[in-house]
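Asks: give me a 3D structure for the following:
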Amino acid sequence: MSIASTSRSIKFISKAGTYTALIMCPAGDLYQDYEGTPQDCTAIYPNFAETKPVLYFVCTSSRSAEGVADPDAMEYYFNGTKINFSGGVSTGTFAGYFKTIAPSGDQLYYGLQILKNIVDIAGFAPAVIKMVATISYGTQTDTIQASYTIPIQPATGSSYRVTIAAGDNKNFVITEKNGSCILKAMAYQSGQALSLDLTYAWEKMGATGWEALGTTSQTLTVSAADINTYGEYRVHVSRNGAEIGTDIQGVMDASDPYDIDPHPQPEDEAITEDLTGNGEVTYTPVVVKRGTSTKALDTLFYFVLKDAAGVYLNADRTTAKASQTVTRAHCQQAGGDVSVTITSEE
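Replies: Coordinates of the predicted model:
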């Protein structure tokens, strides 16, 4: 078993530790399809005015004293425009569209609830929600952000969608030693949940690629012993023997003693399509023990590059090495963002 693993989304190397921030939705990946045209839209599904989905800002710290980090303040943005609130409900341009969520009881995270369909305010194009947290530790103050893209597009003929939802209230995060969380595969057609004639096949991202788990039930229980810091799972859903879709979901283990500090260069991990801009990002990771910012182990790493559908982008993913460079060509091959899974060698 590897010592630790991670997957890149938004990573901030703070002055006194490492924060990892992700935006997660317990209902599974959010999307909106619409029928008709932008000038004459006849239907939108799923209907956010009915489902009112929530996006949670999940931030973990390499410091053992923190585990799940607790922000001092949060700001929210929709397609780059800051969302203003009064009494927890959005005002101004986005009046009535959003509501802020604060930690309460067993719910540990800040977040944003969507109260209405967002197709119109997004201009019938994909929407990006960004959350920015201010976190303090002792005398240090850091700003950590994460973004979440909601695809918005015209409905297709079959309009099948597969997503992995949280099967419990843990929001894909294991916070206790020997704890677990549940993943639940959901299939939809034209926004309606399907339940008949479905079969499931689960896989886990290993050091060299996807590994079949042999699990065929709708739910999958992931225990702390199954992952190290972060793990990725994929489900294939078939209806009457024909595959109708797949989805990938990450699980974070905030109780693990080890973490990977990826040391990206440049630190913003951004590659531009414009040839005059930055064309590559290089990761030179180290394993750190939670509670410190210093190197804990000497080890090489496996790097797996994937597009949004989980298709591999690099042929050397079975070779352990010290660093990995993601290039503009990888982004072009992926048709957008590239996911980088980093797993330490045994």
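
Asks: listing request: residues of the chain with sub-threshold pLDDT.
Replies: Applying pLDDT under 70 to the chain picks out residues 1-19, 61-67, 137-140, 157-158, 256-257, 289-294, 346.

Asks: output the longest helix belonging to it.
Replies: helix 328-334 (DSSP state H).

Asks: list the buried residues in it.
Replies: R328, H330, C331, A334 (16 or more other Cβ atoms under 10 Å). For every residue, glycine as well, the C-beta is placed using N, CA and C.

Asks: stretch 126-133 now?
Replies: Here stretch 126-133 shows A127, I129, K130, M131, V132, A133 as buried, counting by 16+ other Cβ under 10 Å.

Asks: leaving out the residues flanking it, which one is nearest to T199?
Replies: S238 (4.8 Å; Cβ to Cβ, 6 or more residues apart in numbering).

Asks: the one you found against A187, yeah?
Replies: No. Using Cβ atoms under 8 Å, S238 is not in contact with A187; the gap is 9.3 Å.

Asks: what is in contact with those two at once?
Replies: Contact criterion Cβ atoms under 8 Å, 6 or more residues apart in numbering; residues shared by S238 and A187: L198, I244.

Asks: centre of the chain to stretch 121-130, how far?
Replies: 17 Å (Cα atoms, centre = their mean, to the nearest Å).

Asks: repeat for stretch 241-258
Replies: Using Cα atoms, centre = their mean, the offset of stretch 241-258 from its chain centre is 10 Å.

Asks: put the alpha carbons of it into PDB.
Replies: Output of stretch 241-258 as PDB, limited to C-alpha atoms (Å, rounded to 0.1, in the frame of the first residue of the first chain):
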ATOM      1  CA  GLY A 241     -26.700  -4.300 -20.300                       C
ATOM      2  CA  ALA A 242     -25.700  -1.000 -22.100                       C
ATOM      3  CA  GLU A 243     -23.500   1.500 -20.300                       C
ATOM      4  CA  ILE A 244     -25.300   4.800 -19.900                       C
ATOM      5  CA  GLY A 245     -22.600   6.800 -18.100                       C
ATOM      6  CA  THR A 246     -19.700   7.000 -15.600                       C
ATOM      7  CA  ASP A 247     -18.700   9.400 -12.800                       C
ATOM      8  CA  ILE A 248     -15.600  10.000 -10.700                       C
ATOM      9  CA  GLN A 249     -15.600  11.100  -7.000                       C
ATOM     10  CA  GLY A 250     -12.800  11.900  -4.600                       C
ATOM     11  CA  VAL A 251     -12.700  10.900  -1.000                       C
ATOM     12  CA  MET A 252     -10.600  12.800   1.600                       C
ATOM     13  CA  ASP A 253      -9.200  11.300   4.700                       C
ATOM     14  CA  ALA A 254      -8.600  14.100   7.100                       C
ATOM     15  CA  SER A 255      -7.500  11.700   9.800                       C
ATOM     16  CA  ASP A 256      -4.400  10.300   8.000                       C
ATOM     17  CA  PRO A 257      -1.000  11.100   9.500                       C
ATOM     18  CA  TYR A 258       0.600  11.700   6.100                       C
END
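
Asks: buried residues in it?
Replies: 244-256, 258.

Asks: would you format the residues you listed as JSON lines with secondary structure included?
Replies: Formatted as JSON lines, the buried residues of stretch 241-258 follow (DSSP: H, G, I helix; E, B strand; the rest coil):
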{"residue": "I244", "secondary structure": "strand"}
{"residue": "G245", "secondary structure": "strand"}
{"residue": "T246", "secondary structure": "strand"}
{"residue": "D247", "secondary structure": "strand"}
{"residue": "I248", "secondary structure": "strand"}
{"residue": "Q249", "secondary structure": "strand"}
{"residue": "G250", "secondary structure": "strand"}
{"residue": "V251", "secondary structure": "strand"}
{"residue": "M252", "secondary structure": "strand"}
{"residue": "D253", "secondary structure": "strand"}
{"residue": "A254", "secondary structure": "coil"}
{"residue": "S255", "secondary structure": "coil"}
{"residue": "D256", "secondary structure": "coil"}
{"residue": "Y258", "secondary structure": "strand"}
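
Asks: ok, which pair from the residues you listed is furthest apart?
Replies: Farthest apart among the buried residues of stretch 241-258 by Cβ to Cβ are I244 and Y258. That separation is 37.8 Å.

Asks: before we move on, the earlier item: T163: which of the buried residues of helix 328-334 is nearest?
Replies: Once Cβ to Cβ is applied, the member of the buried residues of helix 328-334 that ends up nearest T163 is A334, at 20.0 Å.

Asks: from what I can see that closest one touches N314, true?
Replies: No. Assessed by Cβ under 8 Å, A334 is found out of contact with N314, at 11.0 Å.

Asks: good, wrapping up.
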